[in-house]
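K.L.:
let me see the structure of the following:
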Amino acid sequence: MKTASQWLRDVFGYECRESALFDAALTHRSAGGAHNERLEFLGDAVLNCVAGLMVYREFAVADEGELSRFRASLVSGETLAEIAAEMDLGAYLRLGSGELKSGGFRRKSILADTLEALIGAVYLDGGYAAAVAVIERLLASRLDNLPSAAELKDPKTRLQEALQGRSLPLPTYTVESVSGEAHNQTFNVGCAVEALGLKTHATGASRRRAEQAAAQLLLEQIPFVRSRSA
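P.N.:
Numbers count the residues shown, from 1 in each chain. Modelled structure (predicted):
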């Protein structure tokens, strides 16, 4: 297995100078000591700035809403977790025993947060230009393959627009149950459109994610949406 410095050089194309920064970036708070939460905060800000610049340059005629959706797709937790998994970031994580036993090195939220922390470390270690180069390297292929702005609208927005286009009332969302420990909860949410006699249920790690999943399921059941997309 490569050292963390070798791995960082290969996947980021970056040679670190202050190794302690990157040790902290790879350390989850469960491990104790210097951990990556502050670096994650910084990396998130830098990532959003650079991703915004990338989509601004790439989509010259997109409006503000479309640019926001493009950027959100590039920097979403799902996208960052996929990138982190592809580069085998989990193998270099420092986790506490509890997180190790529960498979924290595969958990999407931990992978995404750690990737942001590493970007924060690059920014502090090498400056803005170095961070830009790393982020562009990480996001280039995703930028080239972004769906259209319309496709990037979240399910709740698309469901609302579909109903409004037919002068139908908006859906209602209800939290049916919440299970699990405070730091690892699962939400069970219902989404209903009474005028159509439709209701779906979905689960997620947050209320928002569960609502989005339930909205997507309901979208798939609406006849006029299916026929229009067929």
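K.L.:
just the pLDDT for Thr172.
P.N.:
Reported pLDDT at Thr172 in the predicted model: 96.
K.L.:
what is the neighbour count of Arg106?
P.N.:
Neighbourhood size, Arg106 [other C-beta atoms under 10 Å]: 12. (Each C-beta comes from the backbone N, C-alpha and C, glycine too.)
K.L.:
also Ser5?
P.N.:
Burial of Ser5 is recorded as 13 neighbouring residues (other C-beta under 10 Å).
K.L.:
what about the helix or strand containing it, average pLDDT?
P.N.:
Ser5 is part of helix 4-12, with elements assigned from DSSP states H and E. Throughout helix 4-12, pLDDT has a mean value of 89.
K.L.:
buried stuff in that helix?
P.N.:
Residues of helix 4-12 classed as buried under the neighbour-count rule (16 or more other C-beta atoms under 10 Å) are Ala4, Trp7, Leu8, Val11, Phe12.
K.L.:
quick check: end-to-end length of stretch 72-88?
P.N.:
Counting by C-alpha to C-alpha, to the nearest Å, you get 23 Å between the two ends of stretch 72-88.
K.L.:
and the strands in this structure?
P.N.:
Here the chain has its strands, by DSSP state E, at 172-179, 186-193, 198-204.
K.L.:
determine which of the ones you listed approaches Asp113 most closely.
P.N.:
Nearest to Asp113, of all those, is strand 198-204, at 17.6 Å by C-beta to C-beta.
K.L.:
so for the closest one, mean pLDDT?
P.N.:
Mean per-residue pLDDT for strand 198-204: 95.
K.L.:
strand 186-193 and that one, what's the angle between them?
P.N.:
160 degrees (axes from the mean of the first three to the mean of the last three C-alpha atoms, to 10 degrees).
K.L.:
need the contact partners of strand 198-204.
P.N.:
176, 186-193, 210-218, 221-222 (C-beta atoms under 8 Å, 6 or more residues apart in numbering).
K.L.:
okay if I get the buried residues of helix 4-12 as TSV plus distance to Lys199?
P.N.:
Below are the buried residues of helix 4-12 laid out as TSV (distance: C-beta to C-beta, whole Å):
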residue	distance to Lys199
Ala4	49
Trp7	48
Leu8	48
Val11	45
Phe12	46
